[in-house]
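Q: this one's structure only:
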Ligand SMILES: NC(=O)c1ccc[n+]([C@@H]2O[C@H](COP(=O)([O-])OP(=O)(O)OC[C@H]3O[C@@H](n4cnc5c(N)ncnc54)[C@H](O)[C@@H]3O)[C@@H](O)[C@H]2O)c1
């Protein structure tokens with residue numbers, strides 16, 4: 001067992017996209033490690049400030065990774081770790097707004113890499129997406145060495161682009177980079193909305209006693225991964241020396257059907273109104289998803305712990321506990 005939290009004690013850490021679902025939970029975990037300072041950078045374009053955990057050593061900076069002045073100010077600190085999570089999220093949003101997607105996920109990532117290189121950051125962790133880089137035709141379980149050049153959305157393309165830039169900075173400049181490929185992450189901290197993931201959205205509609213909208217047949221599977229597990233893998237990726245220059249799937253290694261998620265949510269919330277089937281979105285060609293986590297297990301000591309029913313229960317509790325502000329901020 002790696003005592004990784006100890007490695008973050010007294011350290012300076014930058015998290016971009018810190019107000020998002022994964023960023024806010026990463027901060028929560030890091031606070032326990034007593035870091036010297038966590039700079040939480042976010043432009044709040046798809047999140048809310050109240051989502052960032054408060055602590056004396058957590059400093060929120062409101063700004064964009066595309067803004068040179070903001071980056072200069074932020075990188076006047078010397079960081080021991082940079083976790084680059086800021087992104088234009090996700091597939092449908094990128095189909096509707098491909099230029100913003102390229103700017104934030106492409107140019108924004110390049111800028112954060114440049115500043116990290118110039119200030120000699122000793123560890124840079126990039127948040128990539130296992131649901132993006134493998135395309136829709138990869139054999140299951142998905143392994144790290146299979147990457148597709150035939151991707152279905154601008155978001156998938158720019159997450160791969162972020163990996164390519166990260167690898168360039170590692171190979172050319174020696175920036176110690178680790179790539180984490182997340183799979184369908186869900187957890188407290190994700191405000192439901194038009195472009196958000198299926199689990200918080202199902203819970204939102206179920207609490208409104210609406211039929212849950214399924215785009216497809218419901219038999220599609222995904223490798224849903226609870227945010228605490230992803231945070232655990234990300235923090236391991238930040239400190240294991242053998243991880244540098246490598247990419248890791250962080251997933252639950254379990255396939256769950258979308259219809260089963262809908263049934264669990266309706267049962268938990270007492271929603272009598274079932275589901276409604278809508279046409280599959282025309283970019284959505286992925287029928288099944290299941291990752292291999294053998295590499296993360298071996299190199300990082302990663303082991304996911306939270307089962308889907310328990311994870312859904314925790315998201316439900318978070319949404320119910322923050323119902324008023326979520327109702328005010330959810331955008332559909
Ligand atoms: N949630 C998932 O299922 C999943 C799966 C694979 C990969 N990822 C990746 O993990 C990372 C975090 O995901 P998340 O689920 O927390 O998403 P999220 O949308 O909740 O968080 C992203 C954050 O980035 C911020 N942001 C957007 N543009 C910005 C900019 N120009 N400058 C500064 N901040 C900006 C947003 O306001 C948001 O708070 C992203 O890079 C995402 O692509 C997520």
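A: Alright, I've got the coordinates. Given the structure is predicted, the values throughout are model-derived calculations rather than measurements.
Q: just want the residue of this structure that's nearest the ligand.
A: Taking Cβ to the nearest ligand atom as the measure, the point where the chain comes nearest the ligand is residue 20, at 2.0 Å. All C-beta atoms are positioned from the backbone trio N, CA, C, and that covers glycine.
Q: go ahead and confirm that residue touches residue 89.
A: Yes: look at residue 20 against residue 89 with Cβ atoms under 8 Å: they come within range, at 7.5 Å.
Q: can you list residues touching both of the two?
A: By Cβ atoms under 8 Å, 6 or more residues apart in numbering, residue 20 and residue 89 have these common neighbours: residue 46.
Q: coming back round to it: count of neighbours near the residue of the chain closest to the ligand?
A: Using other Cβ atoms under 10 Å, residue 20 is surrounded by 28 other residues.
Q: residue 251 too?
A: Residue 251, neighbours per other Cβ under 10 Å, totals 30.
Q: pLDDT score for it?
A: At residue 251, the pLDDT value in this model is 98.
Q: over to the one 3 residues further on?
A: We note a pLDDT of 97 for residue 254 in this prediction.
Q: wait, it sits on residue 223?
A: Yes: at 6.5 Å, residue 254 counts as touching residue 223 under the criterion of Cβ under 8 Å.
Q: overlap in contacts, these two.
A: Listed as contacting both residue 254 and residue 223 by Cβ under 8 Å, 6+ apart are residue 290.
Q: more neighbours, the two?
A: residue 223 (27 against 16).
Q: the more buried one reaches residue 252, doesn't it?
A: Yes: when contacts are counted by Cβ under 8 Å, residue 223 is listed as touching residue 252 (5.7 Å).
Q: partner residues bridging residue 225?
A: Bridge pairing for residue 225 (DSSP bridges) gives the partners residue 185.
Q: residues touching it, list them.
A: The contact partners of residue 225, taken as Cβ under 8 Å, 6+ apart, are 182-186, 250-252, 304.
Q: near the ligand too, which of these?
A: The subset of these within reach of the ligand, by Cβ under 6 Å from any ligand atom, is 182, 184-185.
Q: what's the overlap in contacts for residue 223 and residue 252?
A: Contacts common to residue 223 and residue 252, judged by Cβ under 8 Å, 6+ apart, are residue 183.
Q: what are the boundaries of the strands in the stretch 151-300 of the chain?
A: For the stretch 151-300 of the chain, applying DSSP state E, counting those that start in this stretch gives strands covering 177-182, 185-186, 212-215, 221-222, 225-226, 247-250, 256-257, 275-278.
Q: equivalent analysis for the stretch 1-150 of the chain, please.
A: For the stretch 1-150 of the chain, applying DSSP E, counting those that start in this stretch gives strands covering 12-16, 37-42, 58-62, 81-84, 124-129.
Q: quick one, which of those is nearest to residue 141?
A: The closest of the strands of the stretch 1-150 of the chain to residue 141 is strand 124-129. By Cβ to Cβ, the value is 16.3 Å.
Q: direction included, what does that closest one pair up with?
A: Under the criterion DSSP bridges, strand 124-129 sits next to strand 81-84 (parallel), strand 177-182 (parallel) in its sheet.
Q: close to the ligand: what parts of the stretch 151-300 of the chain are there?
A: Neighbours of the ligand within the stretch 151-300 of the chain, by Cβ under 6 Å from any ligand atom: 159, 182, 184-185, 190, 197.
Q: most neighbours among the residues you listed, please name it.
A: When neighbours are counted by other Cβ under 10 Å, residue 159 leads those with 30 neighbours.
Q: domain boundaries for the chain, per the record?
A: Domain segmentation of the chain under automatic domain parsing yields 4-183+226-250, 186-222+254-289+306-329.
Q: list the buried residues of the lowest-mean-pLDDT helix or strand in the chain.
A: One helix or strand of the chain scores below all others by mean pLDDT, DSSP states H and E: helix 4-7, with a mean of 92. Neighbour counts over helix 4-7 (16 or more other Cβ atoms under 10 Å) mark 4, 7 as buried.
Q: same check, this time on stretch 69-80
A: 70-71, 74-75, 79-80.
Q: what is the nearest of those residues to residue 40?
A: Nearest to residue 40 out of these is residue 74 (Cβ to Cβ; 10.2 Å).
Q: alright, calling it a day.
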